[in-house]
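Asks: Provided below for reference: sequence and predicted model.
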Amino acid sequence: MKIGSFDTAKRVMVVAEIGNNHEGSYERAKELVRAAAAAGVDGVKFQTYKTELFVSGADKERFARLKSFELSPARFEALASLAKREGMAFLSTPLDLESARFLRPLVDAYKIASGDNNFLPLIDWVAGTGKPLILSGGMATADDLKKVVARTMGLQRRRGGKARTMALHCVTSYPVPPGQENVGAVAHLRRILDCPVGYSDHTLGIEAPILAVSLGARLIEKHFTLDKNTSAFRDHKMSAEPAEMAELVRRIRAAESLLGSGQKNVQPCEKPFMVVARRRIVSARALSAGTRIAWADLMWTRPSGGMRPGEENRLVGRRLKRDMAFGEPFGRKHVE
């Protein structure tokens, strides 16, 4: 799936999930974007919302915290420009319909949060934009995701565009307790969904995303912070700091190189060994012209060249035209 100029079919996309780790500071948000670029990621992602459009005012503590984290539309426009100047894709998760409409000219892809993977009015609107849609799969079963993916891909096709939906395996916990990561779900989702699959990581450390790549994830999203001890906000602790994110990118690229195309074919480095390591059919003893060849007259030695194992039936039962020395390679011209 293409996200901006990035083709996830050709390379695994690494996205730094900045989310709300700026905590409402535009200066910190800019610093996070620049640090993500320096770490070598392919895209940055934010959350965009108007608090009053998705959180009840009755939940005063949560409302106040999220309101303090809001960035203005002008700030998001500037951050999108900054990300693109740094050579990265700009993605965001709209948490309300108004924010989704605002983001349309800015984002290379929309992300639907796990909490909203059943918020059909938002999902349908995003699917109708023609932009790539990345669906996070937390708190959902495979069947749940299958239905939503079929819905979004159907909408995208009916609107005359390509079906550009990707589903992410995600476990919604901050962080995910050991033993509940279930990274193997990436392979299961690949088998049952008619779309690319990625992984949104909520674990501590960077091992799980690399394992997800080995299972076929085409996009890795990892939370990103400048300092895990920035504040008590929960996302910092499970986020990668710049050096850790750079190491994650390095190891993902190494994993991609190790995995190769996945097609089983002879690699260029193997070709020189195909002569010295393969065998040919030779005479197991000295044989006289006119001898009718039996299986006991054959043996198989390296290197290759001449008749290969599997061609024995072209020899057994036939008469030799000439004498053969011990160990001499057979050729078709040697038999009647």
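Replies: Yes, it's here.
Asks: and His315, what does it touch?
Replies: Slight slip there: residue 315 is Leu, not His. Ile281, Ile293, Leu298, Met307, Phe330, Val335 (CB atoms under 8 Å, 6 or more residues apart in numbering). Using the backbone N, CA and C atoms, a C-beta is placed for each residue, glycine as well.
Asks: meant to ask about Arg151
Replies: Contacts of Arg151 (CB under 8 Å, 6+ apart): Leu120, Ile123, Asp124, Ala127.
Asks: identify, from the contacts of Leu315, the entry nearest to Gly161.
Replies: Minimum distance to Gly161 across the contacts of Leu315 is 57.5 Å, recorded for Met307 (CB to CB).
Asks: give me the nearest residue to the closest one, chain neighbours excluded.
Replies: Ile281 (4.5 Å; CB to CB, 6 or more residues apart in numbering).
Asks: let's verify that neighbour: helix, strand, or coil?
Replies: Put simply, Ile281 is strand when judged by DSSP: H, G, I helix; E, B strand; the rest coil.
Asks: what bridges to it?
Replies: Listed by DSSP bridges, the beta-bridge partners for Ile281 are Trp300.
Asks: that one against Gly331, yeah?
Replies: No: using CB atoms under 8 Å, Ile281 is not in contact with Gly331; the gap is 9.4 Å.
Asks: neighbour-wise, which of these two wins?
Replies: Ile281 (22 against 14; other CB atoms under 10 Å).
Asks: pLDDT wise, what is that one at?
Replies: The model reports Ile281 with a pLDDT of 98.
Asks: now for it: which residues touch it?
Replies: Leu298, Met299, Trp300, Gly306, Met307, Arg308, Pro309, Glu311, Glu312, Leu315, Pro329, Phe330.
Asks: now swap in Asp42 and tell me
Replies: Phe6, Arg11, Met13, Val14, Val15, Met88, Ala89.
Asks: of the residues you listed, closest to Glu70?
Replies: Taking CB to CB as the measure, Glu70 lies nearest Val15 of these, at 21.6 Å.
Asks: the closest one in helix, strand or coil?
Replies: Assignment for Val15 (three-state DSSP): strand.
Asks: cheers, nothing more for now.
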